[in-house]
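**Q** okay, predicted coordinates and the sequence, questions at the end:
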Amino acid sequence: MTRVASLTPRPLAPGASPLGAAEPTFVGVLRVPEFRGLWLAQIASLVGDQLAKLALAILIFHRTDSALLSSLAYAVAYLPALLAGPASGLLADVLPRRRVLIACDLARAGVVALMCLPGLPVYVLLILLLVVSSVESPFAAARSALVPDILDGRSYPLAQSLGQVTEQVGQIIGFAVGGVVVGLISARGALAVDVATFLVSAALVVAFVRPRPAPARRGSGSYWHDSAEGARLVLHSPLLRNLVGVSTIGLGLIIATEGLAVAYARQLGHGDVAVGLLAAAVPM
C-alpha cells in the first residue's frame with residue numbers, strides 16, 4: 001500500500017465556496033455549486049459502474065449458462081480495488097484532480113463502448129471489465145481529495161457522510177435499475193446506457209468543477225518506497241492487520257452473494273429484473 005491522497009480537512013482554500021457562519025447542513029453543502037456538480041457526477045459514475053457489472057454478468061450467463069463465469073464478472077470488478085487501489089491515491093496526488101476525474105470517465109465510456117460490440121469472446125469481456133473497474137479507484141480518490149478543496153473544515157464531515165451514503169444508494173439504484181434496463185432493452189443496450197452515464201459524469205465535472213493545479217508532492221516521491229512503507233505499517237500493527245483481514249473477508253462475502261444473483265434468479269424461474277433486485281439487496 002502507498003500513501004493515499006490527503007483527505008485531512010483544511011481551512012478554506014483560496015477560491016473555495018464558503019457556507020457562511022451558520023451551522024453547516026446537508027442542504028447547505030449541496031447548495032455549493034462546485035460540490036453539487038461533483039456529487040451528481042459521483043451518482044452518475046456509481047450507477048454506471050453497477051450497471052456495467054450487472055449487464056455483463058447477465059450477458060455472460062445468457063451466452064454460457066455458467067454460474068461460474070457470470071460470477072467472475074463480479075469478482076473481476078472488485079479485484080482492482082485490492083490490487084490497484086493504493087496507486088489510485090498516488091495519481092490523485094501528482095495530477096490535477098479535475099483532469100483525473102474527466103480522464104477516468106472518458107476512459108470508462110470508451111472501454112464500455114467496446115463491450116457493446118457483438119461477438120466478443122467472454123475472456124475479452126472480462127478483461128475489458130477489469131480495465132473499467134481499475135479506473136474506478138483513481139476516480140474515487142480524486143473525488144474525495146477534491147472535497148476539502150471545495151468546502152471548509154466544518155462542512156467536510158457532512159460532505160464525506162453524504163458521499164458514503166451516496167455510494168451505497170448508487171449501488172442499490174444501479175443494480176435495481178440495471179435489471180429493469182436489461183429486461184427492457186437487452187444487456188448490450190444497458191451497456192450503451194452505461195456509456196452515457198460516464199459521459200454525463202464527465203460533463204458535470206467540466207461544467208461545475210473549476211481547474212486547480214496538481215497538489216504539491218509530499219513524501220519520498222517513489223511509489224515503491226511509499227508502498228513498502230505502508231505495508232510495513234500494516235504488518236507491524238495487530239489492529240491494522242485485523243482490520244484488513246476482516247475487510248477482506250467481508251468483501252469476499254459480498255462478492256459471493258452478488259455473483260450468485262444471476263444463476264439463483266434463473267433457478268427460481270425469474271428474469272433480469274429479479275437479478276437486479278437480488279443484487280441490490282446486498283447494499284440495501
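**A** Received it, and whenever you're ready, just let me know what you need.

**Q** show me which positions of the strand or helix carrying W39 end up buried.
**A** Assessed by DSSP states H and E, W39 sits inside helix 33-64. Using 16 or more other CB atoms under 10 Å as the test for burial, helix 33-64 gives 34-61. The C-beta positions use only the backbone N, C-alpha and C, and glycine is treated the same way.

**Q** any idea of the mean pLDDT in it?
**A** Rounded to a whole number, the mean pLDDT of helix 33-64 is 88.

**Q** ok, the closest residue to F35 other than its chain neighbours to R210 distance?
**A** Nearest residue to F35, sequence neighbours excluded (CB to CB, 6 or more residues apart in numbering): I150, at 5.0 Å. Distance of I150 to R210, computed by CB to CB, to the nearest Å: 9 Å.

**Q** please enumerate the shared neighbours of the two.
**A** E34 (CB atoms under 8 Å, 6 or more residues apart in numbering).

**Q** between these two, who's got more neighbours?
**A** I150 (26 against 13; other CB atoms under 10 Å).

**Q** look up how far V206 lies from the more buried one.
**A** I150 is 15 Å from V206, by CB to CB.

**Q** before we move on, what about Y156?
**A** Counting by CB to CB, the gap from Y156 to V206 is 24 Å.

**Q** for A256, same thing?
**A** With CB to CB as the criterion, A256 and V206 are 39 Å apart.

**Q** of these two, which one has the most company?
**A** V206 (15 against 12).

**Q** so where is the stretch 101-250 of the chain shaky, pLDDT-wise?
**A** Along the stretch 101-250 of the chain, segments meeting pLDDT under 70 span 216-224, 226-227.

**Q** could you pull out the helices in it for me?
**A** Per DSSP state H, counting those that start in this stretch, the stretch 101-250 of the chain carries helices over the ranges 122-150, 156-185, 187-208, 223-235, 238-259.

**Q** which strands and helices sit next to the helix holding W39?
**A** Packing contacts for helix 33-64, counted by 3 or more CB pairs under 8 Å, 6 or more residues apart in numbering; DSSP states H and E, involve helix 26-30, helix 67-83, helix 97-115, helix 122-150, helix 156-185, helix 187-208, helix 261-267, helix 272-281.

**Q** show me what counts as buried in the first one.
**A** Pointing back at helix 26-30 there. V29.

**Q** swap in the third one?
**A** Judged by neighbour count using 16+ other CB under 10 Å, the buried positions of helix 97-115 are 97-98, 100-105, 107-109, 111-113, 115.

**Q** now flag whichever of those residues is closest to Y78.
**A** Ranked by distance to Y78 (CB to CB), those are led by R108 at 15.8 Å.

**Q** the closest one contacts F198, correct?
**A** Yes - between R108 and F198 there is a contact under CB atoms under 8 Å: 4.7 Å.

**Q** between these two, which contacts overlap?
**A** 45, 48.

**Q** quick check: the residue most central in space within the chain vs R154, distance?
**A** In the chain, the residue lying closest to the centroid (CA atoms, centre = their mean) is E136, at 4.5 Å. As judged by CB to CB, E136 and R154 stand 29 Å apart.

**Q** same thing with P118?
**A** 53 Å.

**Q** of the two, give the one with the bigger neighbour count.
**A** Higher neighbour count among P118 and R154: R154, with 15 against 5, using other CB under 10 Å.

**Q** great, nothing more from me.
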